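Enquirer: Sequence plus the predicted model coming up.
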Amino acid sequence: MKLSQQAKTVFERVKDSEQIRYEALEDQGFDQSMIARAGKELEGKGLVEIIVDEEVAYTLTKKGKTVMREGSPEFRLVEILEDGPKTFSEINIPADIAVGKAREKDWIEIDDGEIHLTEQGNFVDEDEVLQQLKNEEFGPDLVDRGLIERITETAKTLKLTEKGKQVKLGNIEEQFNVSAEASMPQIGRKHFYKEVIDYARDQWREMGFEEMQGDFVVSSFLNFDALYTPQDHPARELHDTFFMDRPGEADISKFVDSGNDRVEHVRQTHENGWTTGSTGWGYDWSRDEAKRNVLRTHTTSVSAQKLSELDEKDLPAKFFTVSRNFRNETVDRTHLAEFYQTDGIVVGEDLSFKNLKGYLTKFFEKMGYDEVRLIPSYYPYTEMSVEIQVYDDEEDEWMGLGGAGMFRPEVVKPLIGKEVSVLAWGLGVGRIAAGAAGIEDIRELYRNDKKLLEKTPTWRPE
Amino acid sequence: MAHIEINKNEFEELIGTGIKDQQLEEEASYLGVHWNHVEGVKWDVEVYPNRPDLLSVEGLARAYSRFFGEETGLKEYDVGKGSFTLEIDESVKDVRPEIGAAVVRNVELDERAINGLIQLQEKIHETMGRRRDKLAIGLHDLSELSEPFTYRAVQPEKVSFTPLEYDREMDLGEIVDEHEKGQEYAWILEEDEKYPIIEDSQGKVLSFPPIINNQLTEVDSGTTDIFIDVTGKDRETVEKALNILSAAIADRGGKLETVEVNEITLPDLSPEETSIKLEYLNSVSGLNLSMDEAIELLEEMGYGAEKNDGSIDVEVPAYRTDVMHDYDLIEDVVIAYGYNDVEPEIPEIAQIGEENENEQFSKVLREALIGAGALETHTFTLSSTEKLFDNMEIDERPHASMSNALTEDYQVVRSWMTPSLMEVLRENRHHSYPQSFFEVGEVAEMPSGENKKKLSFVTAGDMDYNDARKILQVLENALGLKLVLEKDYFEYGKKKRSATIKYDGQELGWICEFNNSVTENWGLDVEVAGFEIDIEKLKEFH
């Protein structure tokens, strides 16, 4: 009988112990895909049988651990209500889950803002949920409640057949297969997303840009006010922006120099336009609102920071960053709470929209997109606000990759102290990375599956 | 961005010419408005918040008849002198001080047009109106009313009327408590003891702004004369909204008439006058336009424009809310010129590109670790106290946290890197061992919450302290320095197999073989060792 070298080696191991799990073979240093191929080959020759088992494991979640420690919220609620009805504010446990669950079970009623035990509730004397967790009776309702997590893993085992038992190793002729895949060595490698990021960083540097960096936790002043975003702008509402609990307030006095009180100038610009030639937004600007810390929602706050540090004698100058930003979103396959953006600014006299288009076109050309178009858009801080779209050959469609514009004088003058032109942009890079790795679910960009890290081709522009 | 639904036939009727679907799909967005075909004549149109004047089919037709069509220049509106007066009583001063009003007569409204007006009203409420807080609009059938009108604030229980959608009289307090709109917008009046109303000379209530109108004045297809009221907190916003509404209804063929509001005559649809230097326009846009070309482009965008030496005198339509600066005019000129017809040009700025120092230093470390066989990871910065502290068996330490996070997993910004890598090990439980991962990433450091760059390395399988120690040695070699490791105790490390990493007396980080309680918390049944270093401090010694 003829077998490939790999199949023969695996067969030796199976013969040693009659049956062996794929996992055990992996632990002995065999590569997963190699084991799979060898198994198929041996099965084809009738030497082994492949047994597939589904293994289900359960682990307690954080919520589950809390229940183990303190009991289920609904049972605790019943205990609290035993000495009589209570209002919501009198219950010192998180009320929403406790009340919801207890109501579902008909243990309580709510009447005129007070929570009463029902007749049934009066008879509850055992915390069933806690007991189930303790006895490891893991039913689907506990999974649904998020108390436990169910993990299914398939385990495969190679089992020697009668024929396999009879075949002697000495009678097997080894077939050397030059094209057989070898096992994967342990390797070190750059993350595929960082490849894209580093590549983009290289492109800006080649174009003569200096790298700038900034903090994630910034004042609303930097993230919004300095960028001429009015304080009642919808973007500043809770659902888009992460507001900080700690550190809750920023020291914005650092934006005040002897020669330039940027905070005061921003206030006046919002209220009446200051000396920028603008009418301003016309409302009463609040310093307290400006002090509130947020997680930056765009790297444009890094550009604003840089503008506030610039001296007239430094001009003209070009800066870039490729960094993270944050949006208070529910995470799913197309939304993340963190994302990358590359921001750039070119600051100087006599710069025009034509030049903005020049830099954008060049950058995307370097990133492998030859066709770029600009669509009118709107941002409070730019005029000639544009959305940049590139033509994606593979998808055969135009793809939006960010925004750009010229910073309004209402942004520039308070920060630098005089009116100069500032070309600015904030471009997405996540879609390029996801495309490079063939990822549909963008959470994969941050999951770090070992196989994906090892196998994703290194990105280079097409 | 606000979305409105548009009937293309209606749009074409107002423009007075047919427009191909393809033109709407491909070219309409170059005005900064996005058209998406839904089905048949139904289109979904997205309008940016700076252009509330485009939130109606009338506004769009006005803009596109110039952008696509033959029309050009400022659209002028005749406002006849009306007989109506509206008196603002002192009592509204602390409640909702501003009101504007206009009358439109001889309007022919079919159901489609009424729905369009309601849509415009609702969209302006949502955008400019900040959900009716900043402004609220009412449209009324004039036929049942008699002048003069009064705008005043009253005790909620003193005034009653039959609100829209109800068939019985309710007092203002009841409306706020029971009516659907009352409940939705009660927050705006939360701090007020008195509520505003508009009433006619007979004491008939037209409206209880910003909540609801009286059923008596409901506009329907029989309505020919309309009274528009806009109430709010800011004079300018109120007048702009009134202008947008008045212009839209007048575009339907209605005849506008003024209302005297405390001796101010409204609506004022006369354009605002400004001027722009041609040289400035050309230098910001980068276009080399002649005076005539610039004037023509401004007119295409609905402005009045006339040469005045080297400048252009510009008349800005009264319904435009977004023209604050010359830059706004320049944008419109470039939009009319066509963003895609602008030739890109890179200016000559002599500057040498430069990498951030921390990034440059990180690169040395990253390359050394990759060479040593570790996979680089890329993890979230946002985390939870469970991951950062509980799972690592340490007491809570100072960390940056958010007040309004939607998800339990993202409540705080990480204060150290290693928990992120532990999570990577957990995600890779089903893969074979050994596994080695590292990441150079940012953490937020208290008390200021500022970013710090840290490096963490973990190795898992049949691993011990030495497997982490030897990788640290690889870094020492790459940097050409010898770190000092001092035996130490911390909760997540095994006793006698934990050390503080120091250099020149300064603490840079730690190295250890992790306690089994920690690995168990992360669902790992292998041995794990690793280290974490503050690379900004390390860089100082390099």
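Expert: Cool, the structure landed.

Enquirer: Can you tell me which helices and strands the lowest-mean-pLDDT helix or strand in chain A packs against?
Expert: Within chain A, no helix or strand scores below helix A:95-104, which has a mean of 80 by mean pLDDT, DSSP states H and E. Helices and strands touching helix A:95-104, by 3 or more Cβ pairs under 8 Å, 6 or more residues apart in numbering or on different chains; DSSP states H and E, are helix A:73-81, strand A:108-111. From N, CA and C alone the C-beta is placed, and that goes for glycine too.

Enquirer: Okay, residue B:28 and residue B:14: tell me how far apart.
Expert: Using Cβ to Cβ, to the nearest Å, residue B:28 is found at 15 Å from residue B:14.

Enquirer: same check, this time on residue B:530
Expert: Relative to residue B:14, and taking Cβ to Cβ, residue B:530 is found at 69 Å.

Enquirer: what's the answer for residue B:225, then?
Expert: In terms of Cβ to Cβ, residue B:225 sits 21 Å off from residue B:14.

Enquirer: In PDB, could you pull the C-alpha coordinates for stretch B:363-376?
Expert: Provided in PDB are the C-alpha atoms of stretch B:363-376 (Å, rounded to 0.1, in the frame of the first residue of the first chain):
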ATOM      1  CA  LYS B 363       9.200  50.500  15.000                       C
ATOM      2  CA  VAL B 364      12.500  49.300  16.400                       C
ATOM      3  CA  LEU B 365      10.700  47.300  19.100                       C
ATOM      4  CA  ARG B 366       8.100  45.900  16.800                       C
ATOM      5  CA  GLU B 367      10.600  44.700  14.300                       C
ATOM      6  CA  ALA B 368      12.700  43.000  17.000                       C
ATOM      7  CA  LEU B 369       9.600  41.200  18.300                       C
ATOM      8  CA  ILE B 370       8.400  40.100  14.900                       C
ATOM      9  CA  GLY B 371      11.900  38.700  14.300                       C
ATOM     10  CA  ALA B 372      11.600  36.800  17.600                       C
ATOM     11  CA  GLY B 373       8.500  35.000  16.300                       C
ATOM     12  CA  ALA B 374       5.700  37.000  17.900                       C
ATOM     13  CA  LEU B 375       2.500  37.900  16.000                       C
ATOM     14  CA  GLU B 376       1.500  41.600  16.200                       C
END
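
Enquirer: show me the contacts for residue A:67.
Expert: The neighbours of residue A:67, taking Cβ atoms under 8 Å, 6 or more residues apart in numbering or on different chains as the test, are A:73, A:129, A:130, A:133, A:147.

Enquirer: Which of those residues sits closest to chain B?
Expert: residue A:147 (13.5 Å; Cβ to the nearest Cβ).

Enquirer: Contacts only, for the closest one.
Expert: Contacts of residue A:147 by Cβ under 8 Å, 6+ apart are A:60, A:61, A:63, A:64, A:67, A:129, A:133.

Enquirer: what about the closest residue to the first one other than its chain neighbours, how many neighbours?
Expert: Among residues not flanking residue A:60 along the chain, residue A:148 sits closest, at 5.8 Å (Cβ to Cβ, 6 or more residues apart in numbering or on different chains). Using other Cβ atoms under 10 Å in any protein chain shown, the number of residues around residue A:148 comes to 21.

Enquirer: and the gap between residue A:148 and chain B?
Expert: 13 Å (Cβ to the nearest Cβ, to the nearest Å).

Enquirer: Wait, that residue touches residue A:62, no?
Expert: No - using Cβ atoms under 8 Å, residue A:148 makes no contact with residue A:62, being 11.1 Å away.

Enquirer: Just the pLDDT at residue 152, thanks.
Expert: No chain in the question, so chain A it is. The model reports residue A:152 with a pLDDT of 80.

Enquirer: You answered for a different chain; I wanted chain B.
Expert: 96.

Enquirer: tell me how far the strand or helix carrying it is from the chain's mean position?
Expert: Assigning secondary structure by DSSP states H and E places residue B:152 in strand B:149-154. Relative to the centre of its chain, strand B:149-154 is centred 35 Å away, using Cα atoms, centre = their mean, to the nearest Å.

Enquirer: Now do the same contact list for residue 152.
Expert: Since you didn't name a chain, this refers to chain A. A:54, A:55, A:56, A:57.

Enquirer: Correction: the question concerned chain B.
Expert: If you count contacts by Cβ under 8 Å, 6+ apart, then residue B:152 has B:88, B:89, B:91, B:92, B:196, B:197, B:199 around it.

Enquirer: neighbours around residue B:170, how many?
Expert: 20.

Enquirer: residue contacts, it?
Expert: B:160, B:161, B:162, B:163, B:178, B:179 are the contacts of residue B:170 under Cβ under 8 Å, 6+ apart.

Enquirer: Using the record's domain definitions, break the chain down for me.
Expert: Assuming you mean chain A. A:2-54+A:153-175, A:60-149, A:192-455 (automatic domain parsing).

Enquirer: try again with chain B
Expert: Taken from automatic domain parsing, chain B resolves into B:2-67, B:79-266, B:272-338, B:357-540.

Enquirer: Would you convert these into a markdown table that also reports distance to residue A:35?
Expert: Output for the domains of chain B, formatted as a markdown table (distance: least, Cβ to Cβ, whole Å):
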| stretch | distance to residue A:35 |
| --- | --- |
| domain B:2-67 | 51 |
| domain B:79-266 | 59 |
| domain B:272-338 | 61 |
| domain B:357-540 | 10 |
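
Enquirer: Which residue is the nearest non-sequential neighbour of residue 145?
Expert: No chain specified, so I'll use chain A. Using Cβ to Cβ, 6+ apart and skipping the chain neighbours, the partner closest in space to residue A:145 is residue A:63 (7.5 Å).

Enquirer: I was thinking of chain B, sorry if that wasn't clear
Expert: In space, residue B:145 is closest to residue B:200, 4.5 Å off (Cβ to Cβ, 6+ apart).

Enquirer: What helix or strand is the nearest residue to residue A:46 once chain neighbours are set aside located in?
Expert: In space, and not counting its chain neighbours, residue A:46 is closest to residue A:163: 4.9 Å by Cβ to Cβ, 6+ apart. Using DSSP H and E, residue A:163 sits in helix A:162-166.

Enquirer: for that helix, the distance to its chain's centre please.
Expert: 52 Å.

Enquirer: Repeat that for stretch B:17-30.
Expert: 27 Å.

Enquirer: Residue B:259 should be in a helix, yeah?
Expert: No - counting by DSSP: H, G, I helix; E, B strand; the rest coil, residue B:259 is not found in a helix; it is strand.

Enquirer: center of chain B, which residue is that?
Expert: residue B:1 (7.5 Å; Cα atoms, centre = their mean).

Enquirer: Nearest residue to it in space, ignoring adjacent ones along the chain?
Expert: residue B:46 (5.0 Å).

Enquirer: does that neighbour count as helix, strand or coil?
Expert: Following three-state DSSP, we place residue B:46 in the strand state.

Enquirer: Next, count neighbours for it.
Expert: Neighbour tally, residue B:46, other Cβ under 10 Å: 15.

Enquirer: now swap in residue B:397 and tell me
Expert: What residue B:397 shows, counting by other Cβ under 10 Å, is a neighbour count of 12.

Enquirer: With residue A:131 instead?
Expert: 12.

Enquirer: That one is in what secondary structure piece?
Expert: Going by DSSP H and E, residue A:131 is in helix A:128-134.
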